[in-house]
Structure formats: C-alpha cells, structure tokens
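Fold the following.
(one chain, ligands or ions: 1)
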Amino acid sequence: MTESASKPRVGFIGLGIMGQSMAGHILAAGHPLRVYNRSPAKARGLIYKGAIGCATPAEVAASSDVIITMVGYPSDVEQVWLGPEGLIAHARQALLIDMTTSSPELARRLAAAAEQAGHMALDAPVSGGDVGAREAKLSIMAGGSQAAFDAALPILRLMGANIARLGQAGAGQHTKMSNQIVIASTMMGVCEGLAYARAAGLDASAVLQCIGGGAAGGFQLNVMGPRIVKGDFAPGFFIEHFLKDLGIALEQADQMKLPLPGLTLARQLYTELAEKGLARQGTQALFQHYVHGA
Ligand code: NAP
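Numbers count the residues shown, from 1 in each chain. Take a look at the predicted model:
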C-alpha cells in the first residue's frame, strides 16, 4: 500500500442498498474516494458529494490504496477481482477488501491471487442491514492475515461498530454463513409469531411492542416485525440475495456432513416465494407465505 500525503485513497465498487451508505461514510471522513457501479446512475449521488466516478474497476484500482467491493453475487466478485479489467491485474500494491456476502472458497482463491500479485486481501462481509449501513453500525466479520486486518481497521471503523477478525481467508464468509443460518430460522419464527397473533385477533403492533422487549427481541423481530405489520415488503435485503446465501450455507453444511433442517426449510419457503415473483422483495416478505400460502 502506498502512503498518500493525507488519508489513504479509497476505491468503492458496488453502490447498491449497502454500498451507497458505506461509501458515503468513507467520503464523509475525508478520504479521496473513487467509485464504480455497473449501472452508472447509482454513482451520481456520491459524485455530486465529491467522489470521483470511474468507468471500470481497473480505473478505480489504478489510483486507490484500499479497494472495497460490495457487489451482489460471487460471480460479480470474481469478475471485478479477476476479470481482465479487474482489481488484481490493475491495482498497485493495494489492500483489497471484499464485503459482499460470498463463498468461503472464493475468498480463499481471491486472497491467494491477490497475495501472489503483491496485494493484501481481506474477506469482510457485514451484518446489520440497510439500517446498520446507514448508521455505520454494521457488524463486520473478517478473514485474512493479521497485517491485512490491521491495515483495514481504520476504514472498517468508518462503517461498523462491531468488527472482528475470525481467522485466515474465508473465515469472514464462514462467519457470515453462521449469521445467515441464525437469521433463516429466526425470520420463520418472527413470521409465525405474527401470523399467530393476527389469527388470535390480537393487535399485532401491541404484541410486537410487548414481546420485542422480552426474550424474543432482536433485529428480525424489532426492525423487520414493524415492517411486516405495516405491510411494507420493500427490500432492505433482497430475497434473491438471501437465497444466494442460503445456497452457499447449505453447500458448506453438506460438505461438513452437517444436517440443518431449519435452514433447509427456510430455503424451500423462500424458493417458493421467488417462484411466485417475490425475489426482489425484502426478506420480511416471508410473512406472505403464512398469510396467503406460497
Ligand atoms: P444491491 O442493492 O443489489 O447492490 C449491489 C450493487 O453492486 C448494485 O448496485 C450492482 O449494480 C452492483 N454490482 C453488481 N455487480 C457488479 C459488477 N460486476 N461491477 C460493478 N457493480 C456491480 O445489493 P445490497 O443489498 O447492497 O447487497 C450487496 C451485498 O451485500 C450482497 O452480497 C448482499 O447479500 C450483502 N448484504 C446485504 C445486506 C442488506 O441488508 N441489504 C446486508 C448484509 C449483506 P446494478 O445497479 O447494476 O445492479
């Protein structure tokens, strides 16, 4: 990583629901920021606030000390890192951080390729949703060398409140899979509890307020619960991305010969919703399965 006169130059690729807010915090902290998104319109707001818009990942890479990716799927990450216009080929002794939820195997492959090309690499997926990204309160789970983690920490602190290194390359993605496994069964529980309250003729908002302060409380109940009660199924987190995560987690569990019946059922229910055309709704739209049947 080259030393710049002031703050390290940061590149950010993937400016969707999460990346838009995360990149915004880095810019607000005074880092020179280069941005790139597949559909250019999503870069406009940040460019207006002072970021430099780039036409390719290569252009981001050529002038950045730290480069962050927050794209959709493992195939997107692979293209941005390893493609002919990608980061590994065009970065100059940079720290590369993938914050996309992706596969542990890909994280290990990217770290090896990055290190061979003279870069440092970290997988650092996040949890905390659209709200956590907006409020810079994400949990960030990292995998990679201690040196890469130490170098990344000042930048990660601009986006997260709970940041940990869990091991070598791939450990961040494994931790994120553990997180998604918890959420999968939790979301089924939240939807079932609210469907039951409704069928019992209770005021769902009052139920939420009461049980949200007890042992059932947590992000899915306290943040997603009110959206469900309002009938707000807009995406904070797309069903299609959750299905990607459930697929990766099930594949990893299969390799470990670990049966996870809750995760298996969640994937089945979400697959049915996606087949009904709800893939671009938020994960809380699972409630529709319980009230309409999928
Ligand atoms: P999103 O809104 O779809 O954002 C992804 C962005 O990446 C889009 O703007 C997309 O561009 C861009 N992109 C995809 N491929 C690209 C490529 N090859 N080059 C450049 N840009 C590319 O999704 P998100 O909700 O921000 O989620 C991003 C990642 O974080 C996903 O892996 C998701 O699973 C994970 N995650 C999401 C949440 C959440 O609550 N939303 C929480 C934790 C983790 P287009 O505009 O062209 O589609």
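
Identify the residue nearest residue 128 in space, chain neighbours excluded?
Distances taken as CB to CB, 6 or more residues apart in numbering put residue 138 closest to residue 128, at 4.1 Å, once the chain neighbours are dropped. (Glycine included, C-beta is placed from N, CA and C.)

count of neighbours near the one you found?
Here the number of neighbours of residue 138 (other CB atoms under 10 Å) works out to 27.

Looking at it now. What's its pLDDT?
For residue 138, the pLDDT comes out at 98.

Going forward, the N-terminal residue is numbered 275.
With 275 as the first residue, the last one maps to residue 412.

That one and the ligand: what is the separation?
Residue 412 sits at a distance of 8 Å from the ligand (criterion: CB to the nearest ligand atom, to the nearest Å).

and residue 416, that's in a strand?
Yes: under DSSP: H, G, I helix; E, B strand; the rest coil, residue 416 falls within a strand.

Is the residue nearest to residue 402 bridged to anything, and to what?
Listed by DSSP bridges, the beta-bridge partners for residue 412 are residue 434.

Can you give me the distance of it to residue 427?
Taking CB to CB, to the nearest Å as the measure, residue 412 falls 14 Å from residue 427.

swap in residue 403?
Applying CB to CB to residue 403 and residue 427 gives a distance of 22 Å.

Which one's more surrounded, those two?
In this view residue 403 and residue 427 are compared by other CB under 10 Å, and residue 403 has more residues nearby, 22 against 14.

Low-confidence stretches in the stretch 375-524 of the chain?
In the prediction, the stretch 375-524 of the chain carries no residues with pLDDT under 70.

Can you show me the strands along it?
Here the stretch 375-524 of the chain has its strands, by DSSP state E, counting those that start in this stretch, at 394-397, 400-401, 412-418, 434-441.

Give me the helices and strands touching the third one, please.
Taking 3 or more CB pairs under 8 Å, 6 or more residues apart in numbering; DSSP states H and E as contact, the helices and strands that strand 412-418 lies on are helix 378-390, strand 394-397, strand 400-401, helix 420-430, strand 434-441, helix 445-473.

is the ligand contacted by the third one?
Yes: counting by CB under 6 Å from any ligand atom, the ligand is contacted by strand 400-401 at 400, 401.

Show me what that strand is packed up against.
Short answer (3+ CB pairs under 8 Å, 6+ apart): strand 400-401 packs on strand 412-418, helix 445-473.

coming back round to it: next, format the helices and strands packed on strand 412-418 as a markdown table and append distance to residue 516.
Listed next are these as a markdown table, based on distance: least, CB to CB, whole Å:
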| stretch | distance to residue 516 |
| --- | --- |
| helix 378-390 | 18 |
| strand 394-397 | 19 |
| strand 400-401 | 12 |
| helix 420-430 | 24 |
| strand 434-441 | 21 |
| helix 445-473 | 7 |
